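Novice: Quick one, fold the following:
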Amino acid sequence: MERGLADLWARTAPTKSEAWRCRFFESTKNLLEESTWELNNIAERRLPNPIEYVEMRRKVGGAPWSAGLVEHAVFTEVPDRIGATRPMRVLKDSFADAVHLRNDLFSYQREVQNEGELSNGVLVFERFLGVDTQCAANLVNDLLTSRLQQFEHTAVTELPSLLG
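Specialist: Coordinates of the predicted model:
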């Protein structure tokens with residue numbers, strides 16, 4: 001993994017600003033730390049609470065990390081004055097949450113029932129709230145819908161003022 005990250009850094013960092021490199025370093029660090037957190041939960045058979053799960057999954061899933069690579073791939077950077085704003089954080093977080101929650105809905109059977117995985121939002125809601133699987137899936141779907149609505153609302157009402 002270290003060699004892969006070193007190779008990636010060598011191919012991306014020279015063409016990017018110091019601000020981008022700092023953001024990418026931070027998202028890489030978060031990705032590795034939260035992946036360790038997830039592995040520790042598996043080893044300890046510990047199930048997080050729903051708030052902790054969503055916050056950590058957002059980082060483990062690598063959405064901010066991937067966003068940095070998208071900037072590199074399209075030969076541009078989101079300026080710091082825009083990237084550091086609340087609307088951009090909301091867009092990144094709500095997008096990441098939606099991606100991961102959707103995955104949890106579709107992969108529940110394989111991850112939880114077949115593989116014994118603990119990092120699944122449906123399982124987290126099921127156990128934390130003491131509800132059946134369908135009710136937990138409905139709650140995760142409601143949260144997913146809410147995050148998509150938050151993304152849309154932010155994109156339509158807050159983002160234009162940043163770009164204008």
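
Novice: can we go C-alpha only for contacts and neighbour counts from here?
Specialist: Noted.

Novice: This protein: helices as residue ranges?
Specialist: Taking DSSP state H as the criterion, the chain carries its helices at 2-12, 18-44, 50-60, 63-73, 80-83, 86-108, 121-129, 133-157, 159-163.

Novice: now the shortest one: mean pLDDT?
Specialist: Spelled out, that is helix 80-83. In this model, helix 80-83 has an average pLDDT of 86.

Novice: and that helix, C-alpha only, in PDB?
Specialist: Extracted in PDB, the C-alpha atoms of helix 80-83 (Å, rounded to 0.1, in the frame of the first residue of the first chain):
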ATOM      1  CA  ASP A  80      -9.600  27.100  -1.600                       C
ATOM      2  CA  ARG A  81     -11.900  30.100  -1.200                       C
ATOM      3  CA  ILE A  82     -14.700  27.900  -2.600                       C
ATOM      4  CA  GLY A  83     -13.600  24.400  -1.400                       C
END
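
Novice: T157: neighbour count?
Specialist: T157 has 10 neighbours, counted by other Cα atoms under 10 Å.

Novice: residue contacts, the residue positioned nearest the centre of the chain?
Specialist: By Cα atoms, centre = their mean, the chain has its centre lying nearest to R58, at 2.6 Å. Neighbour list for R58: 93, 96-97, 100 [criterion: Cα atoms under 8 Å, 6 or more residues apart in numbering].

Novice: Distance-wise, check it relative to W20.
Specialist: R58 is 20 Å from W20, where distance means Cα to Cα, to the nearest Å.

Novice: Now do the same contact list for Q150.
Specialist: 90-91, 94.

Novice: at 10 Å instead, please
Specialist: 90-91, 93-95, 144, 156 (Cα atoms under 10 Å, 6 or more residues apart in numbering).

Novice: Over to E71?
Specialist: 16, 20, 77-78.

Novice: Show the buried residues in these.
Specialist: Buried by 16 or more other Cα atoms under 10 Å: 20, 77, out of those.
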